[in-house]
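Novice: Sequence first, predicted model second:
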Amino acid sequence: MNQIAQNINELRLHIPSHVKIIAVSKTKTVPKIREAMNAGQLFFGESKVQELLEKNEQIPDAQWHLIGHLQTNKVKYIAPFVQMIQSVDSLRVLKEIDRQAVRCNRIINCLLQIHIAREEAKFGFSEREIIDILESDVLSISKNVRICGLMGIATFTDDMEAVRREFRGLASFFQRIRNEYFRNDPSFCELSMGMSDDYRIAIEEGATMVRIGSLIFGERYLLTIKN
Ligand SMILES: *Cc1c(COP(=O)(O)O)cnc(C)c1O
């Protein structure tokens, strides 16, 4: 068995079956992604639109999740095929996703990205901004986006207790808005948090999706490690 298949099988032993594994394939080649697919991996995460487009051309049978910041003017390129946009971080981009989804006659699955890290540089809504959107009529107007849940990226740190606190806070916010705003909407069920270094903590705190790159495909070069 090849290394990638071995890594995936090993991961599956540690991850409960209700948690979806998103294999983060950014910077990784098409043959490596194929190896993962041959091992039964379904979902793949990319953070850059250009790279996602090139890979989708060659591997249209993968289910692609966008996990990196999306500029409004690029939504149109991925709208025809993307399985889920996990990184919705502004009202503007949400409305554009709806507009492009209408044009493609599709429903596009989205997660709202929440800013949970201490680092300023990371993208995402505040809890207040999410509540404001939910209190407005934006979602009832945006018929072609399906809000499936929340996504968050923890602070890049060795302090695992701090990471746990961030995940716990996100999970409790997720439960709260699910109860208050999505009671009758079973599609709102996904909490995407946890990467190679912290996925176990994320699952303990309630993640339903983990985004795993290096544990499956090996380390990326240092320069790109935070992409
Ligand atoms: C790169 C990336 C990951 C995967 O990181 P690993 O540490 O390699 O598992 C997960 N989520 C996002 C948003 C990323 O950009």
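Specialist: Thanks, I have the structure now. Numbers count the residues shown, from 1 in each chain.
Novice: make it CA atoms for all contacts and neighbour counts henceforth
Specialist: Fine.
Novice: Check whether residue 154 really touches residue 167, as I assumed.
Specialist: Yes - with contact defined as C-alpha atoms under 8 Å, residue 154 and residue 167 form a contacting pair (7.2 Å).
Novice: Could you find the closest non-adjacent residue to residue 19?
Specialist: Counting by C-alpha to C-alpha, 6 or more residues apart in numbering, residue 19 lies nearest to residue 208, which is 4.5 Å off, once chain neighbours are set aside.
Novice: OK, contacts around that neighbour?
Specialist: Each residue near residue 208 by C-alpha atoms under 8 Å, 6 or more residues apart in numbering is listed here: 18-20, 190-193.
Novice: number of nearby residues for the nearest residue to residue 28 once chain neighbours are set aside?
Specialist: Across the structure, with C-alpha to C-alpha, 6+ apart as the measure, the residue nearest residue 28 apart from its sequence neighbours is residue 217 (7.4 Å). Residues contacting residue 217 under the criterion other C-alpha atoms under 10 Å number 24.
Novice: Same check on residue 151?
Specialist: Other residues near residue 151 come to 30 when the count uses other C-alpha under 10 Å.
Novice: Beyond the helix or strand hosting it, next helix or strand please.
Specialist: Taking DSSP states H and E as the criterion, residue 151 maps to strand 145-152. Helices and strands here follow DSSP H and E; after strand 145-152, the next one along the chain is helix 160-181.
Novice: Going along the chain from that next one, find the next helix or strand for me.
Specialist: On the C-terminal side of helix 160-181, the nearest following helix or strand under DSSP H and E is strand 190-192.
Novice: Give me the below-cutoff pLDDT ranges for this structure.
Specialist: When the per-residue scores of the chain are filtered using pLDDT under 70, the ranges that remain are 221-227.
Novice: Excluding covalently adjacent residues, which one is nearest to the residue nearest the centre of it?
Specialist: Central residue check for the chain by C-alpha atoms, centre = their mean: the C-alpha nearest the mean position is that of residue 86, 3.6 Å away. Nearest residue to residue 86, sequence neighbours excluded (C-alpha to C-alpha, 6+ apart): residue 111, at 4.5 Å.
Novice: beta partners for the one you found?
Specialist: The residues paired with residue 111 through beta bridges, assigned by DSSP bridges, are residue 149.
Novice: just checking, it touches residue 151?
Specialist: Yes - taking contact to mean C-alpha under 8 Å, the distance of 5.9 Å between residue 111 and residue 151 places them in contact.
Novice: shared neighbours of those two, which are they?
Specialist: Overlap between the neighbourhoods of residue 111 and residue 151 consists of 86-87, taking contacts as C-alpha under 8 Å, 6+ apart.
Novice: Whichever of the contacts of residue 208 count as buried, I'd like them selected in PyMOL; how would that read?
Specialist: Command for PyMOL, covering only those of these found buried under the criterion 16 or more other C-alpha atoms under 10 Å:
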select buried, resi 19+20+190+191+192+193
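Novice: just to revisit the earlier point, quick one: common contacting residues for residue 154 and residue 167?
Specialist: Residues within reach of residue 154 and of residue 167 at once, by C-alpha under 8 Å, 6+ apart, are 116, 193.
Novice: between those two, who's got more neighbours?
Specialist: Ranked by neighbour count (other C-alpha under 10 Å), residue 154 and residue 167 place residue 167 first, with 29 against 24.
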